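> no sequence on this one, just coordinates:
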């Protein structure tokens, strides 16, 4: 009788273990298979007739990333620029100027809020997007990367603010911020993403250097940094990155 009970318990354990492993395997495959790099051609009424533009973003299951990369190719010069977009409610590729105001309003109301990302997630998604975009564009012609505003990078902006204030205080000039960013984590990360394609950062251009309230950063960014360590004012500026072939 005791032997039968032990045998039964052993069989139950084996069955439960088998089921657990199947679920774990299924969930692993689900997370891998559900990650999709979406590429959509931006309508000509938005991009203009002189450009071919495609927007790339990541969809994982039912979650769409708020981070996009827009590749813009000049049809005459064939030079290609990349622009980072951080819009929580809109994708350029899904919008058309021919929509009426009423249609646009309905779209906005019904549209699901996209998933905001930390800086590390943005960089990881940029690497994934590059693998897809290289199939559509000649990376030999990459010219500029428009990073956008520094505050949209979240944790990177916090880290760079702390470093800058430690070195220079809150006295900002475009030239000083430019020199600071040229040797920063930002350039290191962009180089690490583009180096497999034999592309590196050649130079950095800066516009409108200033400090912005940390409240603005929390509105647009997903932060992994402990909020107690976030300074009240965040270094901000528009960043343009000139690229070159190795």
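It's in. In this text, all values refer to a predicted model and were calculated from it rather than measured experimentally.

> Residue 128 contacts residue 37, doesn't it?
Yes. The pair residue 128 and residue 37 qualifies as a contact (C-beta atoms under 8 Å) at a distance of 5.8 Å. For glycine as for every other residue, the C-beta is placed from the backbone atoms N, C-alpha and C.

> Can you pull the residues that touch both of the two?
Common neighbours of residue 128 and residue 37 (criterion: C-beta atoms under 8 Å, 6 or more residues apart in numbering): residue 58.

> Give me the below-cutoff pLDDT ranges for this protein.
1-33, 96-112 (pLDDT under 70).

> Report the central residue of it.
Central residue of the chain (C-alpha atoms, centre = their mean): residue 122, 3.1 Å from the mean position.

> and the nearest residue to it once chain neighbours are set aside, what are its bridge partners?
Nearest non-adjacent residue to residue 122, counting by C-beta to C-beta, 6 or more residues apart in numbering: residue 67, 5.1 Å away. Note on residue 67: beta-bridge partners residue 86, judged by DSSP bridges.

> distance of residue 67 from residue 143?
In this view, residue 67 and residue 143 are 21 Å apart by C-beta to C-beta, to the nearest Å.

> neighbour count winner among those two?
Higher neighbour count among residue 67 and residue 143: residue 67, with 25 against 17, using other C-beta atoms under 10 Å.

> contacting residues for that one?
57-58, 84-86, 117, 121-122, 125-126.

> and the particular helix or strand that has residue 217 in it, what does it pack onto?
Element membership of residue 217 [criterion: DSSP states H and E] is helix 214-220. The helices and strands touching helix 214-220, judged by 3 or more C-beta pairs under 8 Å, 6 or more residues apart in numbering; DSSP states H and E, are strand 233-245.

> who does the strand it packs on pair up with?
Strand pairing for strand 233-245, determined by DSSP bridges: strand 142-149 (antiparallel), strand 199-213 (antiparallel).

> Mean neighbour count, these: which tops it?
The highest mean neighbour count among those, using mean count of other C-beta atoms under 10 Å, belongs to strand 142-149: a mean of 19.

> Pull the residues that contact that one.
79-86, 153, 186, 190, 194, 197, 199, 236-243.

> filter the residues you listed to the buried ones?
With burial judged by 16 or more other C-beta atoms under 10 Å, the buried subset of these is 80-86, 153, 186, 190, 194, 197, 199, 236-237, 239-241, 243.

> For residue 225, what are phi and psi?
Backbone geometry at residue 225, expressed as degrees, to the nearest 10, gives phi -60, psi 140.
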